[in-house]
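> coordinates only, sequence not included:
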């Protein structure tokens with residue numbers, strides 16, 4: 001029996017920032033992190049856009065609003081303190097249709113209530129910030145704090161912090177059985193006993209919770225996000241440009257993104273899938289997930305539960321490059337189908353859960369304590385942005 005004070009299941013950005021914060025508070029603790037992959041960036045942590053979000057999308061009082069706003073500042077402070085790459089480019093939100101003007105007003109109000117610096121600007125002012133923006137409705141929202149970082153670089157730096165603080169990280173070591181009452185976790189390396197176990201397993205958090213005997217009203221409902229890369233290496237954008245989203249759906253719509261190398265991407269799609277690691281074709285689809293998720297999707301599609309059929313019909317437009325360009329043309333000018341190619345490196349899966357009681361996709365972080373285990377069940381966007389603040393929130397709650 002290997003004993004430790006805290007054991008974290010999941011070595012992505014949430015698990016790593018939790019381990020770092022724990023050891024900063026309790027420097028003499030014995031900390032173990034288990035990660036089933038060979039690295040910390042195989043899934044969401046290494047596949048997200050790297051955008052440091054501001055917190056304007058989320059309803060007042062939600063965990064996402066609270067932790068995104070404070071988390072953005074902490075993320076940017078961390079990047080500065082460690083001299084990591086960042087682009088403080090800011091973001092423009094552009095109405096893609098006349099019906100989105102009402103949502104624009106809601107976002108402006110949410111941003112101000114959540115304490116985010118946000119400005120309503122004219123079309124001309126938007127063009128001065130980003131010459132490629134489509135100003136068909138002569139107005140936009142500008143959010144200066146929204147930035148871009150290199151998510152793999154950030155994760156690697158936090159990983160080094162965690163190791164230097166004394167933690168042991170076991171890669172390629174999934175949890176195979178968990179006893180929540182005793183705090184024991186079985187692995188191929190033997191059994192660990194921990195004072196506190198934290199389930200930060202992302203795409204597999206529901207499976208880990210199931211191993212630990214947790215029963216909830218939630219089920220897993222993954223969505224795949226695909227991106228398209230601009231093929232011209234000289235093509236650049238000064239700001240991030242997003243559409244004002246449909247607030248009835250938990251997705252932000254096709255928008256621009258760029259990375260440290262200056263490459264420009266457009267996306268993501270939000271396609272329901274039948275596998276936790278279903279990045280391409282039928283790769284990553286298991287028999288169990290394939291059957292259960294297919295049956296679940298068919299039922300939700302027929303009933304249009306939470307607008308899933310509406311979303312699916314919208315996503316069908318993005319199956320072809322012409323459809324992607326039509327969506328982009330509502331907010332950005334000068335992007336044609338021949339300019340774009342599918343990007344396989346940026347395909348990601350959203351670790352989304354569905355609430356059987358409300359019959360809705362859950363649009364906030366969900367944290368469920370059970371005996372010695374804390375389960376983080378819905379670490380959806382903006383989890384990367386919020387990660388440092390999320391770690392403080394979890395440990396503050398545990399201390400209380």
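Looks like it arrived, so ask away. All of these numbers come straight from a predicted model, not from anything done at the bench.
> From now on I want contacts and neighbour counts done on CA atoms only, so please keep to that.
Fine.
> Have a look at this structure and report the helix or strand with the lowest mean pLDDT.
Least confident helix or strand of the chain, by mean pLDDT, DSSP states H and E, is helix 308-316 with a mean of 78.
> got the angle for the very next helix or strand once past that helix vs helix 308-316?
Toward the C-terminus, helix 308-316 is succeeded by helix 321-329 as the next helix or strand (DSSP states H and E). For helix 321-329 against helix 308-316, the angle by axes from the mean of the first three to the mean of the last three C-alpha atoms, to 10 degrees is 100 degrees.
> what does helix 321-329 rub up against?
Contacts to helix 321-329, defined as C-alpha atoms under 8 Å, 6 or more residues apart in numbering, come from residues 134, 254-255, 317-318, 335-337, 340.
> Secondary structure element holding residue 378?
Per DSSP H and E, there is no helix or strand for residue 378.
> wouldn't it be in contact with residue 352 here?
Yes - under the criterion of C-alpha atoms under 8 Å, residue 378 makes contact with residue 352 at 6.0 Å.
> if I read this right, residue 195 contacts residue 8, doesn't it?
No - using C-alpha under 8 Å, residue 195 makes no contact with residue 8, being 11.1 Å away.
> Those two: which is more packed in?
residue 8 (25 against 14; other C-alpha atoms under 10 Å).
> Return the residues in contact with that one.
Counted by C-alpha under 8 Å, 6+ apart, residue 8 has contacts 15, 19, 31-34, 197-200.
> Select from these every entry located in strands.
31-34, 197-199 (DSSP state E).
> coming back round to it: as JSON lines, the contacts of helix 321-329 with neighbour count would be great.
Below are the contacts of helix 321-329 laid out as JSON lines (neighbours: other C-alpha atoms under 10 Å):
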{"residue": "134", "neighbour count": "24"}
{"residue": "254", "neighbour count": "25"}
{"residue": "255", "neighbour count": "21"}
{"residue": "317", "neighbour count": "16"}
{"residue": "318", "neighbour count": "21"}
{"residue": "335", "neighbour count": "17"}
{"residue": "336", "neighbour count": "15"}
{"residue": "337", "neighbour count": "14"}
{"residue": "340", "neighbour count": "21"}
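> Tell me which of the residues you listed has the lowest pLDDT.
Lowest pLDDT of these: residue 317, 78.
> any idea what sits nearest that residue, other than its immediate chain neighbours?
In space, and not counting its chain neighbours, residue 317 is closest to residue 323: 5.0 Å by C-alpha to C-alpha, 6 or more residues apart in numbering.
> re earlier: which strands and helices sit next to the least confident helix or strand of the chain?
Under the contact criterion of 3 or more C-alpha pairs under 8 Å, 6 or more residues apart in numbering; DSSP states H and E, helix 308-316 touches strand 271-272, helix 287-303.
> Show me what counts as buried in it.
For helix 308-316, the neighbour count (16 or more other C-alpha atoms under 10 Å) marks 308-309, 311, 315 as buried.
> what distance separates that helix from the centre of its chain?
Chain-centre distance of helix 308-316: 21 Å, with C-alpha atoms, centre = their mean, to the nearest Å.
> ok, and what's touching that helix?
With contacts defined as C-alpha under 8 Å, 6+ apart, helix 308-316 is touched by 249, 269-272, 300-304.
> show me where pLDDT drops low in the stretch 151-300 of the chain?
Of all residues in the stretch 151-300 of the chain, none has pLDDT under 70.
> ranges for the helices of it?
Ranges of helices within the stretch 151-300 of the chain are 151-164, 205-211, 287-303, based on DSSP state H, counting those that start in this stretch.
> As TSV, those with distance to residue 26 and mean neighbour count would be great.
TSV is the format used below for the helices of the stretch 151-300 of the chain (distance: least, C-alpha to C-alpha, whole Å; neighbours: other C-alpha atoms under 10 Å):
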stretch	distance to residue 26	mean neighbour count
helix 151-164	12	18
helix 205-211	25	20
helix 287-303	39	14
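> can you put those helices in JSON lines and add distance to residue 74?
Converted to JSON lines, these look like this (distance: least, C-alpha to C-alpha, whole Å):
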{"stretch": "helix 151-164", "distance to residue 74": "12"}
{"stretch": "helix 205-211", "distance to residue 74": "25"}
{"stretch": "helix 287-303", "distance to residue 74": "36"}
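> And those helices: which comes nearest residue 398?
Checking these against residue 398 by C-alpha to C-alpha gives helix 205-211 as the closest, at 18.0 Å.
> Need the residues that contact that closest one.
Residues from elsewhere that reach helix 205-211 (C-alpha under 8 Å, 6+ apart): 175-178, 199, 201, 215, 219-220, 375-377.
> Identify the residues contacting residue 84.
153-154.
> now it: how far from residue 149?
Distance of residue 84 to residue 149, computed by C-alpha to C-alpha, to the nearest Å: 8 Å.
> Can you lay out the helices and strands packed on helix 308-316 as JSON lines showing distance to residue 48?
What follows is the helices and strands packed on helix 308-316, written out as JSON lines (distance: least, C-alpha to C-alpha, whole Å):
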{"stretch": "strand 271-272", "distance to residue 48": "16"}
{"stretch": "helix 287-303", "distance to residue 48": "23"}
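> any idea how far residue 318 is from residue 280?
16 Å.
> Ignore what I typed, I meant residue 313.
Here residue 313 is placed at a distance of 20 Å from residue 280 (C-alpha to C-alpha).
> now residue 206
In this structure, residue 206 lies at 22 Å from residue 280, with C-alpha to C-alpha as the measure.
> How about residue 26?
Distance of residue 26 to residue 280, computed by C-alpha to C-alpha: 42 Å.
> Same question for residue 387.
28 Å.
> Which one's more surrounded, the two?
Neighbour tally, residue 387 and residue 280, criterion other C-alpha under 10 Å: the higher count belongs to residue 387, 25 against 12.
> Can you report phi and psi for that one?
phi -60, psi -40 (degrees, to the nearest 10).
> Quick check, it in contact with residue 14.
Yes - Residue 387 is within contact range of residue 14, at 5.5 Å (criterion: C-alpha under 8 Å).
> Relative to residue 49, which of the contacts of helix 321-329 is nearest.
residue 255 (10.7 Å).
> Stretch 190-199: which residues count as buried?
Buried residues in stretch 190-199, counted by 16+ other C-alpha under 10 Å: 191-194, 196-199.
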